[in-house]
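*Asks:* Below is the sequence, then the predicted model.
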Amino acid sequence: MGEVEISVIVPTRNALPFLERCLRSIEQQTFRSFEAIVVNDGSDDGSAAWLDERLAQKPAYRVVHHELSQGLSAARNHGIALARGRFLAFLDADDWFEPTMLETLHRAALSTQSQVAHIVREICTNEGPFVQPREEVVRVLDGVGAAVEMLEQEEYAVWSRLYDARLVKSLGPEPFPVGLTCEDRVFNMRVLPLASRAAESNRVEYHYFMNMGSISLGGLSQRAMQILEADELMVGYARAAGDERLVKLALDRQAKGAFSMLVKYARFGITDDALRGQAGQDALRMLRQRFVGDYPRLAASPLPASKRLVAWQLRYMPALVRAEFAIYNVVTGKGRG
């Protein structure tokens, strides 16, 4: 296969019911200069054999298999390493593209000479088409400005963006942090400030499938605690970018993260066996210290009145918050105590 403009990287683990829809959306793209790299991350639901058979006679598609699961970041990093395209796009296995997704992103990037292009994404629970704006509008920002907007709008996802492959590969063999949740936000905080220009189209091209039955509010867990680590990394990359707006927003994000974790604990307790006993107490102590240190910043941020009250109570009367949630859980039958 010759040179291609876009490499579409599809990490998948145990997503067999969704793979046909996902791959079909790539095959139906109006933009044809692409390759698709599907990284099967240790699936045990029959995905491996299905993918090998489904894509056997399609030279634009490659399937690589991890015998054991290495995680989403490792799967994406593997795909990046194999990519031959000028640009990189990402698609999760349970989501799908509109037929014009790659065309829209590619046009936005080239017409503005941008290293990153971004489109609107929608949360959906069905396969209906989107209602597009009457006229496409493409805005252009510098990379730092794009990172600022990402934090302001909390639009962290990589799958709504197109990236210059050389820019991403300049980050080394692990552009995505391995073993860490919230990998998208950390990746974007590394990449976006490095871009000279970033384009944003108002077209809606990405179907983000939210399985309502799989959503869990959960309590304090190791996975939840990784958010704090991700926030720390984001602050570090913001400081490296040397922009005061970016640093402020990253620090605000960090303060809100610690607050959110303490609210989870107050309502649901510890829900991860790995944090039972001393490990959980150590995690709570660290979380509490982070929250207390960040509280002045949180109090100065534009929080709704209800959240502002909870934050004040967590800072000065934490036992009261636990008691309030305990009563709420009993009355509503929710929570785990």
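*Replies:* Looks like it came in fine. Residues are numbered from 1 along each chain as shown.
*Asks:* From the contact counts, what lies against the longest strand along the chain?
*Replies:* In terms of residue count, the longest strand belonging to the chain (DSSP state E) is strand 198-209. On a contact count with 3 or more Cβ pairs under 8 Å, 6 or more residues apart in numbering; DSSP states H and E, strand 198-209 meets strand 96-97, helix 101-112, strand 116-124, strand 138-141, helix 143-153. Yep, even glycine has a C-beta here, placed from its N, CA and C like the rest.
*Asks:* residues making contact with the helix or strand just after that strand?
*Replies:* Downstream of strand 198-209, the first helix or strand assigned by DSSP states H and E is helix 222-241. With contacts defined as Cβ atoms under 8 Å, 6 or more residues apart in numbering, helix 222-241 is touched by 144, 147, 177, 180-183, 185-186, 189-190, 193, 218, 246-247, 249-251, 253-254, 257-258, 260-261, 264, 272, 274-275, 283, 286-287, 290.
*Asks:* Quick check on those: which are buried?
*Replies:* Burial by neighbour count, 16 or more other Cβ atoms under 10 Å: within the contacts of helix 222-241 this picks out 144, 147, 177, 180-183, 185-186, 189-190, 193, 246-247, 249-251, 253-254, 257-258, 261, 264, 272, 275, 283, 287, 290.
*Asks:* If you count neighbours, what's buried in the longest strand of the chain?
*Replies:* Within strand 198-209, the residues that count as buried by 16+ other Cβ under 10 Å are 198-201, 203-207, 209.
*Asks:* Tell me the one among those residues nearest to Val4.
*Replies:* Val4 has its nearest neighbour among these in Glu205, at 19.3 Å by Cβ to Cβ.
*Asks:* Test my guess that the closest one contacts His118.
*Replies:* No - at 10.4 Å, Glu205 does not count as touching His118 under the criterion of Cβ atoms under 8 Å.
*Asks:* mind listing what Ala15 touches?
*Replies:* 22, 43, 45, 47, 93-94.
*Asks:* Greatest separation within those: which pair is it?
*Replies:* Using Cβ to Cβ, the pair of these lying farthest apart is Cys22 and Asp45, separated by 14.5 Å.
*Asks:* For these two, indicate the residue with more neighbours.
*Replies:* The neighbour count for Cys22 versus Asp45, taken as other Cβ atoms under 10 Å, is higher for Cys22 (22 against 13).
*Asks:* ok, and what's touching the helix or strand harbouring the more buried one?
*Replies:* Per DSSP H and E: Cys22 is located in helix 16-27. For helix 16-27, contacts defined as Cβ under 8 Å, 6+ apart pick out 8, 10, 12, 15, 34, 36, 38, 43, 45-47, 50-51, 54-55, 61, 91-99, 101, 127, 207, 209.
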